[in-house]
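Asks: Here's a sequence, model it:
(chains A, B, C, D, E and F)
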6 protein chains.
Amino acid sequence: MSHRIVKNITRPNQVDIEKLGELGVATVHEAMGRTGLLSPYLRPVDPKMRVCGTAVTISSHPGDNLMIHAAIEVCQPGDVLVVTVTSNNTDGMFGELLAVSARAHGVRGLVIDAGVRDTAEITDMNFPVWSKAISAKGTVKATPGSVNVPVVCAGTLINPGDVIIADADGVVCVPKAYVPQAVEKGQARVEKENMTRARLAAGELGLDIYNLRPTLKALGVVYVEESNE
Amino acid sequence: MSHRIVKNITRPNQVDIEKLGELGVATVHEAMGRTGLLSPYLRPVDPKMRVCGTAVTISSHPGDNLMIHAAIEVCQPGDVLVVTVTSNNTDGMFGELLAVSARAHGVRGLVIDAGVRDTAEITDMNFPVWSKAISAKGTVKATPGSVNVPVVCAGTLINPGDVIIADADGVVCVPKAYVPQAVEKGQARVEKENMTRARLAAGELGLDIYNLRPTLKALGVVYVEESNE
Amino acid sequence: MSHRIVKNITRPNQVDIEKLGELGVATVHEAMGRTGLLSPYLRPVDPKMRVCGTAVTISSHPGDNLMIHAAIEVCQPGDVLVVTVTSNNTDGMFGELLAVSARAHGVRGLVIDAGVRDTAEITDMNFPVWSKAISAKGTVKATPGSVNVPVVCAGTLINPGDVIIADADGVVCVPKAYVPQAVEKGQARVEKENMTRARLAAGELGLDIYNLRPTLKALGVVYVEESNE
Amino acid sequence: MSHRIVKNITRPNQVDIEKLGELGVATVHEAMGRTGLLSPYLRPVDPKMRVCGTAVTISSHPGDNLMIHAAIEVCQPGDVLVVTVTSNNTDGMFGELLAVSARAHGVRGLVIDAGVRDTAEITDMNFPVWSKAISAKGTVKATPGSVNVPVVCAGTLINPGDVIIADADGVVCVPKAYVPQAVEKGQARVEKENMTRARLAAGELGLDIYNLRPTLKALGVVYVEESNE
Amino acid sequence: MSHRIVKNITRPNQVDIEKLGELGVATVHEAMGRTGLLSPYLRPVDPKMRVCGTAVTISSHPGDNLMIHAAIEVCQPGDVLVVTVTSNNTDGMFGELLAVSARAHGVRGLVIDAGVRDTAEITDMNFPVWSKAISAKGTVKATPGSVNVPVVCAGTLINPGDVIIADADGVVCVPKAYVPQAVEKGQARVEKENMTRARLAAGELGLDIYNLRPTLKALGVVYVEESNE
Amino acid sequence: MSHRIVKNITRPNQVDIEKLGELGVATVHEAMGRTGLLSPYLRPVDPKMRVCGTAVTISSHPGDNLMIHAAIEVCQPGDVLVVTVTSNNTDGMFGELLAVSARAHGVRGLVIDAGVRDTAEITDMNFPVWSKAISAKGTVKATPGSVNVPVVCAGTLINPGDVIIADADGVVCVPKAYVPQAVEKGQARVEKENMTRARLAAGELGLDIYNLRPTLKALGVVYVEESNE
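Replies: All right, here's what the predicted structure looks like:
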């Protein structure tokens, strides 16, 4: 279990990744049987940010961004940095300079289970970032970690090369092997939702569309005209 | 204490509700003797959102939105959905489709002591929502609950038919019976504040306007020219 | 240890304060050897807000804003109010009327380890505020406190007359005596960062610019071509 | 909505209260259809503490224990003090002296949605206390509140005269009108649990005792001999 | 990604498991290169509890303990139940009856990223439990989940058959394949610590034993006779 | 603002320190005008622990205990280690070996705004510890910090040589210069409390002993025979 930097990872095909990005987080999460979601404490620096791409994973010591610098070297265009820390921390481990460097190597965005800073500049350059905190607290470059190993980020297992989708609703991870199915199921879901949306907009009730009246009855929920309390 | 859906509730008169909406949360809360406020962890999906309306209350199992679907059927135009869960939860129990359905039935907005999703779409359609969290986590439709029963939402008792006012400062509940007084006291407060604002803008001190100098003296607060520490 | 209001404090020279404001929070914090930062739970009411100025410090009872009124009388143009409470509290101790009053006396902004309200109005009048919470919860004016005494605000010691810099990344305090050095070191840092930014944008790696490869080697981090897990 | 102290309240019969105390929190909560439980952040000062009694309710300003002193005068033997604060607070509003005073008036214990102090002494005198925090932080006696009004304590509505049961598992409130049914259902539950316990101890499975195999099947849960991941 | 119950898992040899149990959580965590630790919010019901055993993993819906019942059937003597929920929850999903049932099947203890109840009875029967909360809140048996699949529990990946060690310091997971090395490194560490303990007890400094003086010097830490502040 | 270790500090006289220890945290905090208390999130490892002594202060990087080792060298018998971290952290920075080393140098206890481990061993050796968390998470010895500089610990300013009192109710800091007054006022308070305790035990009301009836009247609190709600 020594610290290591894995230089080469396999990545899913780019067409599928783009399709997942278009589907968005809530739809992809549902398409995966309601799995893969990172904890909702991760929030975008700006609610308009969206990203999809391949995970390059990083395990860091709290308050130390040495391994983020190491990770950028092994990134390819289309990657998303996924940074975890070995214990709960909110320091600003990533700022404008790292965003400039990441972008120069084709990195599309960042998901970090810690803090970020230079958020005005990061928003201006439209570099998508999801983090646990915003903090100007600076970090050292003194302790070892790993790149492209399996990590747990905000409560979810992420392997290098998994697909990361993030938008205003949060962040979801699609395991590499499950990408084609997620695309297929997600697209089917969108079509179904389009039909449901039209019916709901016309005033039809979810109770009827989803056939929930028998469920309510079976669960013993009773209808009462008025409260007599 | 069986699960039930109460179909008919009494609602305060609409003119008063609109007046309370214009007064805003901070003023109404003060007009009620500093009561009725929901916990500040409830935040609007977008800070520009504002709503006022009549509470249709919902008590749900965590991670289950069956009862929200049931509630929409008993809503009338001008209502606001107030959703509580029986234990602490942040799942995204309400999304775009439910917002479309709610709007089709005249529902003005949502206050939920849990999570919501599809927040970009909800913001685009300008459907006002206050929640504890934003989370793409989907929910089941499997466990019973109640509609239009008294609930505790974010620490405050809300009865069906109470008036809900929500804006950037949070959410306040005005009990049905207290609505006329809240309007009257709130309007008086606004007039008084207008005068105070003019005096403060002219440089007069709160110390003098509120006659606080005797209070400071009585409490033993002393004035010192300079610190000698 | 009686409650007191100190009327006169020494303030650093205004030119240096403006320079620190231009440098921004992250740069100033780094220039000070990564010290002086307030806890990241303090957030601006609007992410576009920025302020710099001299601290007028206030120690209050939770849920009581008597001492804020007292403090405004001893403020001078260019000051920033720094409000602490003697125990954890989120009540809305500061609202539009106090903002109007503060502005009438030249106060530039507010940093408060508690809550604020009237946030729509405060944003409209562009009065910069950093707080722990947004809450419409009103306060009393009944319990004593102090003005212009040393306080601990969001985990950091602040003396009256210290310089407060706040922006989207948070709030930093520069002790009076350290102001000239902070300016000098901060400006040097900006120049250095400008050069680094250009090199990073050109694709050069932080690993090389900061000479981190020997560090990685010394720490035992190994490079692996591919994962064999 | 002025501040008031209600001197006389109706209390349920004492025999039923004792029976509820013997049943314990988890059983009573189940007997009430899984309602009435206060938030689990309330913890006993010592895990061996247990209490049952009638609620005398108190609504206080944070950091102010004036109304607790006022409440003791209207207490009767067998009562339990239920203290709420108008906003989130952890100050030590109750200590040994108040415990001595409360005991002198027959008060059986305290449930407080804030902090307590003198916990070593309170444990030594075996005065049962459930609180949100332990804090030596002292309080003032300066701001008004109410006694024996409906309160929301740790997320649950409590009316004066309701029955409070508390033990190592937390605190539950039984509304006055529901006391006889809660006793009856609770006792039935205990009998049923005794039988279930014996069967489980003998190795029978909950799957069979509660007839859960058809549920698993209906929900689509499949049995797999071994994982092929 | 359907819900499934895996009936057979491979387990490490029992002798090694016992050895890891004797080493304790802190030592095993260090022996694994400071990995494998679950988040410190998991606490034992009683600080004297200790356990070691093989993980049978459970993924449940919040507020639903159906899958715990299903898991007991596939347990073998020496197993430890590891329960996760698909979103943040503190309900009391495990109580005395389940503890009786688990013990009847040889289960040694429970680690649960949610709540437990009947803690007095569980302590009396000396069944070791680590949980996120204590809550009497009851659960339903209505929603599907999985048994013996990989789970993330309190931030750490746990596979069925991994070794769980828990004591007053928390919970650590040793992946199956790493068990022999963890035993070896842990035992070596204990021997080394015994020597270090003797030297420290005799007054020798960690600065000298760990040769930290050069580190301090290299990091620029200076020694000052007295403070001149 | 470079990192430094101050070797010599002035300490208050030992007789006064012992007297403060006997008074206990709640009394000393009140004697100081309700100041000096550390945040209540600091809890003793065992509720029976008590300590008093002189602060040797430590400022550390999160997850790094290098400076604790450095501090022990400058400790004298009667000192208490006060450890802070530069950002929020719960790692187990102090364990049994450090406790053995500290005790060998006469250190009486530890107050740490982070985590500790080996808590069973620390409790067995009766070494008093107050911490924010219990965590087996190990730390590195790689980043610089300072010893015997002013620190903010759990929200309170502590200077080296200040007196630390800690017990089941929490931790209080008495600034060096204020020690004699704190002793005097604390002892006076104990005498007064002894008299009050006797009167309260005899059934006299706090309302009368503290003369609170006029306060209630002045605040507009009214007495009502029965609720008419």
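
Asks: Going by C-alpha atoms from here, please, whenever you check contacts or count neighbours.
Replies: OK.

Asks: mind listing the helices for chain A?
Replies: A:14-23, A:25-31, A:66-74, A:96-104, A:119-124, A:179-201, A:206-209, A:213-218 (DSSP state H).

Asks: Let me have the ones you listed in TSV, extended by mean pLDDT.
Replies: Below are these laid out as TSV (pLDDT from 0 to 100):
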stretch	mean pLDDT
helix A:14-23	97
helix A:25-31	97
helix A:66-74	98
helix A:96-104	98
helix A:119-124	97
helix A:179-201	97
helix A:206-209	97
helix A:213-218	96
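
Asks: and these, which is most packed in?
Replies: Burial of the helices of chain A is given as mean neighbour count (mean count of other C-alpha atoms under 10 Å in any protein chain shown); helix A:25-31 ranks first at a mean of 25.

Asks: thinking again about what came up before, nearest to chain C, out of the helices of chain A?
Replies: Ranking these by proximity to chain C (C-alpha to the nearest C-alpha) places helix A:96-104 first, at 4.8 Å.

Asks: The longest strand belonging to chain A and chain F, any residue contact?
Replies: Looking across chain A with DSSP state E, the single longest strand is strand A:51-60. No: Strand A:51-60 does not reach chain F (C-alpha under 8 Å from any C-alpha of the partner chain); its nearest approach is 11.6 Å.

Asks: again, but for stretch A:109-124
Replies: No: applying C-alpha under 8 Å from any C-alpha, one finds stretch A:109-124 separated from chain F by no less than 11.2 Å.

Asks: what about residue A:170, how many neighbours?
Replies: Here the number of neighbours of residue A:170 (other C-alpha atoms under 10 Å in any protein chain shown) works out to 27.

Asks: re the thing from before, need the helices of chain A in TSV with distance to chain D, can you?
Replies: Putting those into TSV (distance: least, C-alpha to the nearest C-alpha, whole Å) gives the following:
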stretch	distance to chain D
helix A:14-23	23
helix A:25-31	17
helix A:66-74	28
helix A:96-104	34
helix A:119-124	30
helix A:179-201	17
helix A:206-209	20
helix A:213-218	14
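
Asks: Report pLDDT for the residue positioned nearest the centre of chain A.
Replies: For chain A, the residue lying nearest the average C-alpha position, counting by C-alpha atoms, centre = their mean, turns out to be residue A:171 (2.1 Å). With respect to pLDDT, residue A:171 scores 98.

Asks: wait, what's in contact with it?
Replies: A:25, A:37, A:38, A:40, A:42, A:130, A:164, A:165 (C-alpha atoms under 8 Å, 6 or more residues apart in numbering or on different chains).

Asks: so which of the residues you listed also contact chain B?
Replies: A:25, A:37, A:40.

Asks: what does chain A have sitting close to chain C?
Replies: By C-alpha under 8 Å from any C-alpha, the part of chain A that sits against chain C consists of A:2-9, A:66, A:69-70, A:72-73, A:90, A:97, A:100-101, A:103-105, A:117-120, A:133-138, A:142-146, A:149.

Asks: Would you check how far apart residue A:174 and chain E are?
Replies: Distance, residue A:174 to chain E, using C-alpha to the nearest C-alpha, to the nearest Å: 12 Å.

Asks: what about that residue, how many neighbours?
Replies: The number of residues packed near residue A:174 is 28, by other C-alpha under 10 Å.

Asks: Tell me the bridge partners for it.
Replies: According to DSSP bridges, the residues that bridge with residue A:174 are residue A:163.

Asks: hey, C-alpha coordinates of stretch A:67-83 in CSV?
Replies: The C-alpha trace of stretch A:67-83 is given here as CSV (Å, rounded to 0.1, in the frame of the first residue of the first chain):
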residue,chain,number,x,y,z
MET,A,67,-0.3,15.3,-5.5
ILE,A,68,-2.5,17.6,-7.5
HIS,A,69,0.6,19.0,-9.2
ALA,A,70,1.7,15.4,-9.8
ALA,A,71,-1.6,14.4,-11.3
ILE,A,72,-1.8,17.1,-14.0
GLU,A,73,1.2,15.5,-15.7
VAL,A,74,-0.8,12.3,-16.3
CYS,A,75,-4.0,14.0,-17.4
GLN,A,76,-5.3,13.9,-21.0
PRO,A,77,-7.8,16.3,-22.6
GLY,A,78,-11.3,15.4,-21.4
ASP,A,79,-10.2,14.4,-17.9
VAL,A,80,-11.8,15.6,-14.6
LEU,A,81,-9.6,15.8,-11.5
VAL,A,82,-11.2,14.0,-8.5
VAL,A,83,-9.4,15.0,-5.3
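
Asks: Chain F contacts on chain A?
Replies: Residues of chain A lying close to chain F (C-alpha under 8 Å from any C-alpha) are A:61, A:62, A:63, A:87, A:88, A:89, A:90, A:91, A:137, A:142, A:143.

Asks: Turn these into JSON lines, columns for pLDDT, distance to residue C:51 and neighbour count.
Replies: Shown next, in JSON lines, are these (pLDDT from 0 to 100; distance: C-alpha to C-alpha, whole Å; neighbours: other C-alpha atoms under 10 Å in any protein chain shown):
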{"residue": "A:61", "pLDDT": "94", "distance to residue C:51": "33", "neighbour count": "26"}
{"residue": "A:62", "pLDDT": "93", "distance to residue C:51": "30", "neighbour count": "27"}
{"residue": "A:63", "pLDDT": "93", "distance to residue C:51": "27", "neighbour count": "28"}
{"residue": "A:87", "pLDDT": "92", "distance to residue C:51": "33", "neighbour count": "23"}
{"residue": "A:88", "pLDDT": "92", "distance to residue C:51": "30", "neighbour count": "19"}
{"residue": "A:89", "pLDDT": "94", "distance to residue C:51": "27", "neighbour count": "23"}
{"residue": "A:90", "pLDDT": "96", "distance to residue C:51": "23", "neighbour count": "27"}
{"residue": "A:91", "pLDDT": "97", "distance to residue C:51": "22", "neighbour count": "28"}
{"residue": "A:137", "pLDDT": "96", "distance to residue C:51": "18", "neighbour count": "29"}
{"residue": "A:142", "pLDDT": "92", "distance to residue C:51": "33", "neighbour count": "17"}
{"residue": "A:143", "pLDDT": "93", "distance to residue C:51": "35", "neighbour count": "21"}
